[in-house]
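In: Give me coordinates for this.
(one chain, ligands or ions: 3)
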Amino acid sequence: MGHEDFRIGGAASGATRRGAPRRRIARTIAAAVLGCSVLAAWPAPAAGEYRAANGLIVKLKDAPAHERAQALGVAKADDAQGSRLQRVLGHAGISRYRAQPAGRAAQRLDFGRVLGGAEAARIAAQLRADPDVEWVVANEREQRLQAATPSDPYFAQQWWLANPGGSNSNALAARRRGLPGFEGAWALERGRAAAIVALLDTGITRHPDLAGQVLAGYDFVSTIDYANDGDGRDADASDPGDWVDNADRQSAPALFDDCEVQDSSWHGTQIAGLVAAVTDNAQGIASTSWDARVLPVRVAGKCGAEVADIIDGMRWAAGLAVATSGGGFLPANPNPARIISISFGSSAACNPAYQSTIDELAEHGVVVVAAAGNQHAAPMRPANCKGAIGVAALNRDGFKATYSNFGAGLVVATVGGDPDDEGAWGAILGDDGIVTLGNAGRTGPAAGGYARVYGSSFSAPIVAGAVSLMLSANPGLTPAQIVAGLRQSARPHVTSPVIGACSADNQGRCICTTQTCGAGMLDVAEAVRYAQTIGQQATFTPRRWPVEVIANAEVSEAVALGADVPPPAADSTLASAGGGGGAVGPLWLLGLTLSVAAVARAFRRRR
Ligand SMILES: [Ca+2]
Ligand SMILES: [Ca+2]
Ligand SMILES: [Ca+2]
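Out: Numbers count the residues shown, from 1 in each chain. Ligands and ions are numbered 1, 2, ... in the order given. Have a look, this model is predicted:
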């Protein structure tokens, strides 16, 4: 039992008590053991309470700081602390150990082997009982701050929330080079309630996986013929359904002849689920921003949304005064949003109504995130307005989804689901869509359900969720900083020797550039790091990402089928709405809504 084999650290490098040579210390440490017979008598802690530890860290009462000890002189400090430590450990039945400085005035005790969790806890308890000991902690190995996998049962199907990764040697299911990486970003920031996202959409339905996440919004649908709730603007943003049936078309052909007969979309509920479904509640899905709140601003009834309702809805969402026809103002929004997400638009240039509103919102610190559209053509308005965060849709490999619009002026691109029944390449390269909340009602609302969806409609709220995390990390970001952060943090668009660049002659699945799909692919963890860096008054240095090159047998097989020509949009302002269905997995709930449609709608003004 050679107590002479310890060294107490901190006073001077390499100093050893009583001059023990280094090699002897090393040999002794390697052979050091604790007397198990002594330890066995101590009560065991509850299973799982402690982790294995590479020794302990002990602070003796009144121990001088290491710098102070050095000033006092090596030998003196060593003697003073060393003998105390030796006595304390001796009381605990420990005679073989090595001590090194740790922290300001503590000692790390190395027993030459890793201690089991229960064993470390027993020794720590024994030392703690000594009146000469101020504190003891286990020298446990800390973990990378990877967010715990949320408990939501459909999380496993939410491939788009996983971290980016994979390579050409992987099958499609494991190729995730186009993903935004929310799972990794959650280690930095999971979102806060103050980071409110206003959803300008069809309103909201009740859903158990939205409990507590939805603020009181407003219904801006002013044209009663479309509103479907019997009145014009009102304080209830509930979604009564936006179905269009033959009766609508026959009774009012002038109003509905541009609208396909279809069931209610529950588009607003689907988008709310992406942003703020209750996460880690062992129910349904996970969302992008765990604790964010959504503000439902109903602007769309049957067949679309009118520009006047959209701009008033945007301004109200931001907390600005909205005038009424009676000469007064609507009740102010008590929960102003800094983020407005809109997945409605039309194929036209930005107009002054949108532009002046977006400019005004920016002066109040509010950003507008807008879907590029699904006509595989030029970006729609308001995504094409200056200052708007226009978003193109990618597939999981990082190239453009077959339907997505593309062109100048977009800010960033991210996943939107890529239908396996659209375009020549869909059967080989399509994915199984974005799983989100839905509703089982065909016309009016019924029970909450779940849906698989595709469309740039869903890429925009995914970016809005990312901005919510950015503002959670740093509420001081300005709109210009948010846009700059999304651009600077984005990963470069993928390239490919076999897939052509997006162009007027190649509108389906194609390779994005900074000219066609924004600055790059959304990277949420980097966007949050940008927000944190700016918050510390520091300069953000963008990472130098490698450019992923997409080339493998599967991609070549798809390319060999000819150009990926998506189905033509039925109308220049109306997205084609595919039908579809099918089983989506054994865990699926009864009453599931299947929405296999690109559901970004457009509205063509009729008057
Ligand atoms: Ca109404
Ligand atoms: Ca209403
Ligand atoms: Ca959930």
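In: In the protein, what residue comes closest to ligand 2?
Out: Residue nearest to ligand 2 within the chain (Cβ to the ion): residue 219, separated by 3.5 Å. In short, each C-beta sits where N, CA and C put it, glycine included.
In: Run through the bridge partners of the closest residue to that residue other than its chain neighbours.
Out: Ranked by Cβ to Cβ, 6 or more residues apart in numbering and with sequence neighbours excluded, the top spatial neighbour of residue 219 is residue 298, at 4.2 Å. Using DSSP bridges, the bridge partners assigned to residue 298 are residue 201, residue 219.
In: Look at residue 298 and say how many residues are nearby.
Out: 29 (other Cβ atoms under 10 Å).
In: That one touches residue 220, doesn't it?
Out: Yes - with contact defined as Cβ atoms under 8 Å, residue 298 counts as touching residue 220 (6.2 Å).
In: Return every residue with contacts to both of those two.
Out: With contacts defined as Cβ atoms under 8 Å, 6 or more residues apart in numbering, the residues shared by residue 298 and residue 220 are residue 313.
In: which parts of stretch 460-479 are buried?
Out: For stretch 460-479, a neighbour-count test (16 or more other Cβ atoms under 10 Å) marks 460-474, 477, 479 as buried.
In: show me the contacts for residue 528.
Out: Contacts here follow Cβ under 8 Å, 6+ apart; on that basis residue 528 touches 185, 188-189, 466, 469-470, 473.
In: ok, now residue 252?
Out: If you count contacts by Cβ under 8 Å, 6+ apart, then residue 252 has residue 225 around it.
In: gap between it and residue 442?
Out: Distance from residue 252 to residue 442, counting by Cβ to Cβ, to the nearest Å: 21 Å.
In: again, but for residue 422
Out: Distance, residue 422 to residue 442, by Cβ to Cβ: 23 Å.
In: what about the two, which has more around it?
Out: residue 422 (26 against 13).
In: Surely the more buried one and residue 565 touch.
Out: No - here residue 422 does not reach residue 565: they are 9.9 Å apart, not a contact under Cβ under 8 Å.
In: Could I get the full set of helices for the stretch 501-607 of the chain?
Out: Taking DSSP state H, counting those that start in this stretch as the criterion, the stretch 501-607 of the chain contains helices spanning 524-535, 553-559.
In: At the geometric centre of this structure, which residue do we find?
Out: For the chain, the residue nearest the mean C-alpha position is residue 182 (3.2 Å; Cα atoms, centre = their mean).
In: quick one, phi psi at that one?
Out: The phi and psi torsions at residue 182 (degrees, to the nearest 10) take the values phi -60, psi -40.
In: Tell me the spacing between the spatially closest residue to it that is not a sequence neighbour and residue 180.
Out: For residue 182, the nearest residue in space outside its immediate sequence neighbours is residue 161; the separation is 4.6 Å by Cβ to Cβ, 6+ apart. Residue 161 sits at a distance of 8 Å from residue 180 (criterion: Cβ to Cβ).
In: Can you pick out the residue with more neighbours from those two?
Out: Between residue 161 and residue 180, counted using other Cβ under 10 Å, residue 180 has the larger neighbour count: 32 against 28.
In: give me every residue that touches that one.
Out: Under the criterion of Cβ under 8 Å, 6+ apart, the contact list for residue 180 reads 160, 164, 414-415, 462, 466, 521-524.
In: could you redo the last one with a cut-off of 10 Å?
Out: In this structure, residue 180 makes contact with 160-164, 288, 394, 412-415, 459, 462-463, 465-466, 490-491, 521-527, judged by Cβ atoms under 10 Å, 6 or more residues apart in numbering.
In: Equivalent analysis for residue 197, please.
Out: Contact analysis of residue 197 by Cβ under 10 Å, 6+ apart lists 191, 215, 271-272, 274-276, 288-289, 292-295, 317, 337-341, 369, 461, 464-465, 467-468, 471.
In: What's opposite residue 511 in the beta bridge?
Out: Beta-bridge pairing for residue 511 (DSSP bridges): residue 501.
In: residues touching it, list them.
Out: Applying Cβ under 10 Å, 6+ apart, the residues near residue 511 are 398-400, 493-496, 498-503, 517, 550.
In: Among the helices of the stretch 501-607 of the chain, which comes closest to ligand 1?
Out: Nearest to ligand 1 among these is helix 524-535; the distance by Cβ to the ion comes to 35.5 Å.
In: Would you mind writing the CA trace of the closest one as CSV?
Out: Extracted C-alpha coordinates of helix 524-535, given in CSV (Å, rounded to 0.1, in the frame of the first residue of the first chain):
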residue,chain,number,x,y,z
VAL,A,524,-30.8,24.8,-39.5
ALA,A,525,-28.0,24.2,-37.1
GLU,A,526,-25.7,26.6,-39.0
ALA,A,527,-28.6,29.2,-39.2
VAL,A,528,-28.9,28.9,-35.4
ARG,A,529,-25.2,29.2,-35.0
TYR,A,530,-25.4,32.4,-37.1
ALA,A,531,-28.1,33.7,-34.7
GLN,A,532,-26.0,32.9,-31.6
THR,A,533,-22.8,34.3,-33.1
ILE,A,534,-24.5,37.6,-34.0
GLY,A,535,-26.1,37.7,-30.6
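In: Excluding sequence neighbours, find me the nearest residue to residue 487.
Out: Leaving aside its sequence neighbours, residue 487 sits nearest to residue 519 (Cβ to Cβ, 6+ apart; 3.9 Å).
In: Please report the distance of that neighbour from residue 259.
Out: Taking Cβ to Cβ as the measure, residue 519 and residue 259 are separated by 35 Å.
In: next one: residue 399
Out: As defined by Cβ to Cβ, residue 399 lies at a distance of 32 Å from residue 259.
In: who has more neighbours, those two?
Out: For residue 399 versus residue 259, neighbours defined as other Cβ under 10 Å are more numerous around residue 399 (34 against 21).
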